[in-house]
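Undergrad: fold the following and give me the result.
(one chain, ligands or ions: 1)
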Amino acid sequence: MSVNKKRRSGMRTAFIAMSLGLATATAAVRAQDTVAVSPQHEMVINAITADPKFQAAVAELGREHDQWIANIIELTEIPAPPFKETARAEVYADKFRELGLTNVKIDSAGNVLGLREGSGDSERLIVVSAHMDTVFPEGTSVEVRREGDRLYAPGVGDDSTGLVTQLSLINALNVAGIATPDDILFVGTVGEEGLGDLRGVRYLFNEGEYKDRISAFYSIDGQSESGFTTGGVGSKRYRLTFSGPGGHSFGAFGLVNPLSALSQAVMNLYSIPVPSTPKTTYSASVVSGGTSVNSIPRDVWLEVDMRSVSASELAKLEQAFLKGVDAAVAAENAARSTAEGEIMVEKKVVGDRPAGETDPNSDIIAFTTAAYMSEGITPEYSSGSTDSNVAMSLGIPAITIPRAAEGDRAHSVDEWVGIEKTGAVKIRKLDLLSILAMAGYQR
Ligand SMILES: [Zn+2]
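TA: As a prediction, this is how the structure comes out:
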């Protein structure tokens, strides 16, 4: 995952006034959204924390802490490069089976699914997930090194620890004998990172066997002692190939030139006004092409990155950008001779992560906020690019919750995750508390 700068919010009064942290380092603060935690939400959280079974589950989280660490090492050391998650998926599916999940399978996208059936006839299904892929190419050493309260290895935190935290939660539910009214589907997803483009979670929502039943979605990804992710930064990336007849720079002078059209397309992009709140950005990022210095090029290409925390702003920007590209091509074809052929443009989407945000008045944010408050923490809300983006874009309540209290240097070979017991167990407890409330326990 990647997460934007956090912004603190929330006050304890009769209600919690909260504003989602959709701001970034430079963006202005969004208007406040209010009233997320009602006395009913607090009552459910209080009932769960007072429940002896929940207390037994928390005790188990502490008791099996060393197993959590051992599992992190085991899973981290099974390489899972982009598009090559299979080896890890097979081991993970076995762990789901050992924990007694039912209907355990690897779906057509490569996601590992395991169901923890609810006690009643609730139609609701809560998805809890973590991603199996890492950003590291094949051949990267993934051996884990332990130093004090830290484990070091590429991918050790992101998201091996998320996968293992999931196992830890299932085990605690089992040991404590907790049955939830709603079904909980546990998932190890593929393709969260980079060009994976969220393909695992997309499949889950668009084609997967549970796609019509998903009531809420959790991604366990990232680390924090004090908050969770409620907004998804969307991105759209294009590779444009402009082509034309080409020709001699001197002899064929006057023919249309694809580089001229490309340049105009960049100028048109850079004249599009975008809001700073919700933060919306664009970048003409990579350019290449041409034949030789004394030729009118046949082909040139350009890569463009556009982002927004708002789905509608991102869509508006994309439309304006595409219009500008077409206008640039038309202008070039009008400005010079097309006797040998016209300028054409191929527009290829090379990245598409939907933006979205979860309604601040949704149960999932209210319960999780109440859970943090029960531990004396006023949560911080952040936005990022995670598996939750897909759920958020579909209007399904979703948040990304931490796998651990501490960690850093994700996506680098110096990555580490904190394994200090008190902090790590508290995070797993908060995750469990939120999930149980959403799955209808003690409601
Ligand atoms: Zn991640």
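
Undergrad: helices along the chain, start to end?
TA: Here the chain has its helices, by DSSP state H, at 39-50, 52-63, 65-76, 86-98, 162-176, 199-206, 258-269, 311-335, 363-374, 388-393, 421-438.

Undergrad: most neighbours per residue, which of the ones you listed?
TA: Greatest average neighbour count among these goes to helix 388-393 (a mean of 28), per mean count of other Cβ atoms under 10 Å. C-betas here are computed from N, CA, C, even on glycine.

Undergrad: so does that helix get close to the ion?
TA: No: with Cβ under 5 Å from the ion as the criterion, the ion is not reached by helix 388-393; the gap is at least 10.8 Å.

Undergrad: and that helix, what does it pack against?
TA: Where contact means 3 or more Cβ pairs under 8 Å, 6 or more residues apart in numbering; DSSP states H and E, helix 388-393 is packed against helix 199-206, strand 214-220, strand 227-232, strand 356-357, strand 398-401.

Undergrad: for these, which has the smallest mean pLDDT value?
TA: Here those differ in mean pLDDT, and the lowest is strand 356-357 at a mean of 90.

Undergrad: list of residues touching that strand?
TA: 20, 22, 230-232, 234, 309, 311, 383, 388-389, 391-395, 398 (Cβ atoms under 8 Å, 6 or more residues apart in numbering).

Undergrad: what's the first-to-last distance across stretch 390-403?
TA: 20 Å (Cα to Cα, to the nearest Å).

Undergrad: now that stretch: buried residues?
TA: 390-393, 396-403 (16 or more other Cβ atoms under 10 Å).

Undergrad: which residues of the stretch 151-300 of the chain lie near the ion?
TA: 158-159, 221.

Undergrad: please repeat the previous calculation with a cut-off of 6 Å.
TA: The stretch 151-300 of the chain comes close to the ion at residues 158-159, 192, 221, as judged by Cβ under 6 Å from the ion.

Undergrad: if you rank these by neighbours, which is first?
TA: Asp159 (32 neighbours; other Cβ atoms under 10 Å).

Undergrad: state the pLDDT value of it.
TA: Predicted confidence (pLDDT) for Asp159: 96.

Undergrad: what's the spacing between it and Ala311?
TA: 24 Å (Cβ to Cβ, to the nearest Å).

Undergrad: now do Lys211
TA: If you go by Cβ to Cβ, the gap between Lys211 and Ala311 works out to 20 Å.

Undergrad: could you pull up phi and psi at the most centrally placed residue in the chain?
TA: The C-alpha lying nearest the average C-alpha coordinate of the chain belongs to Thr386 (Cα atoms, centre = their mean; 0.5 Å). Thr386 adopts backbone torsions of phi -140, psi 180, taken as degrees, to the nearest 10.

Undergrad: which ones are touching it?
TA: 1, 192, 219, 221-222, 229, 232, 400.

Undergrad: 10 Å instead?
TA: 1-3, 129, 131, 159, 192, 198, 201, 219-222, 229, 232-233, 353, 392, 398-400 (Cβ atoms under 10 Å, 6 or more residues apart in numbering).

Undergrad: could you measure from it over to the ion?
TA: Thr386 sits 6 Å away from the ion, going by Cβ to the ion, to the nearest Å.

Undergrad: kindly report the same for Ala439.
TA: Ala439 is 23 Å from the ion, by Cβ to the ion.

Undergrad: contacting residues for that residue?
TA: Ala439 touches 116, 118-119, 122, 124-126, 128, 173, 178-184, 215-216, counting by Cβ under 10 Å, 6+ apart.

Undergrad: for ChimeraX, write the select line for the buried members of these.
TA: Buried subset of those, written as a ChimeraX selection, criterion 16+ other Cβ under 10 Å:
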select :116,118,124,125,126,128,173,178,180,182,183,184,215,216
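
Undergrad: rewinding a little: tabulate the helices and strands packed on helix 388-393 in JSON lines, adding columns for distance to Thr86.
TA: Formatted as JSON lines, the helices and strands packed on helix 388-393 follow (distance: least, Cβ to Cβ, whole Å):
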{"stretch": "helix 199-206", "distance to Thr86": "12"}
{"stretch": "strand 214-220", "distance to Thr86": "21"}
{"stretch": "strand 227-232", "distance to Thr86": "27"}
{"stretch": "strand 356-357", "distance to Thr86": "29"}
{"stretch": "strand 398-401", "distance to Thr86": "25"}
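
Undergrad: closest to Leu259 out of those?
TA: helix 199-206 (33.8 Å; Cβ to Cβ).

Undergrad: the closest one packs against which elements?
TA: Counting contacts by 3 or more Cβ pairs under 10 Å, 6 or more residues apart in numbering; DSSP states H and E, helix 199-206 is packed against strand 125-131, strand 183-189, strand 214-220, helix 388-393.

Undergrad: Ala261: which of these is closest?
TA: It's helix 388-393; of the helices and strands packed on helix 199-206, that one is closest to Ala261 (Cβ to Cβ) at 32.3 Å.

Undergrad: ok, Ser374 to Asp121 distance?
TA: Taking Cβ to Cβ, one finds Ser374 at 30 Å from Asp121.

Undergrad: hmm, I typed the wrong one, I wanted Gly196.
TA: For Gly196, the distance to Asp121 equals 36 Å [Cβ to Cβ].

Undergrad: who's more crowded, the two?
TA: Gly196 (19 against 6).

Undergrad: report the separation between that one and the ion.
TA: Counting by Cβ to the ion, the gap from Gly196 to the ion is 10 Å.

Undergrad: check Thr422 too.
TA: 24 Å.

Undergrad: again, but for Ile296
TA: Taken as Cβ to the ion, the span from Ile296 to the ion is 45 Å.

Undergrad: need the nearest residue in space to that residue, chain neighbours excluded.
TA: Gly247 (4.6 Å; Cβ to Cβ, 6 or more residues apart in numbering).

Undergrad: burial of the one you found, as a residue count?
TA: Other residues close to Gly247 by other Cβ under 10 Å number 21.

Undergrad: let me see the contact set for it.
TA: With Cβ under 10 Å, 6+ apart, Gly247 has these contacts: 253-257, 291, 295-298, 337, 340-341.

Undergrad: now the residue of the chain most remote from its centre: how far from the ion?
TA: Distance from the C-alpha centroid of the chain peaks at Gly251, with 52.9 Å (Cα atoms, centre = their mean). Remark: distance between Gly251 and the ion (Cβ to the ion) = 55 Å.

Undergrad: can you offset everything so residue one is 517?
TA: Fine by me, first position is 517 from now on; the one you just mentioned is Gly767.

Undergrad: quick check, pLDDT for Pro876.
TA: At Pro876, the predicted lDDT confidence score is 87.

Undergrad: please apply the same query to Ala566.
TA: Value listed for Ala566 in the pLDDT field: 98.

Undergrad: and the pLDDT for the closest residue to Phe702 other than its chain neighbours?
TA: Spatial nearest neighbour of Phe702, excluding adjacent residues (Cβ to Cβ, 6+ apart): Gly630 at 4.9 Å. pLDDT recorded at Gly630 is 98.
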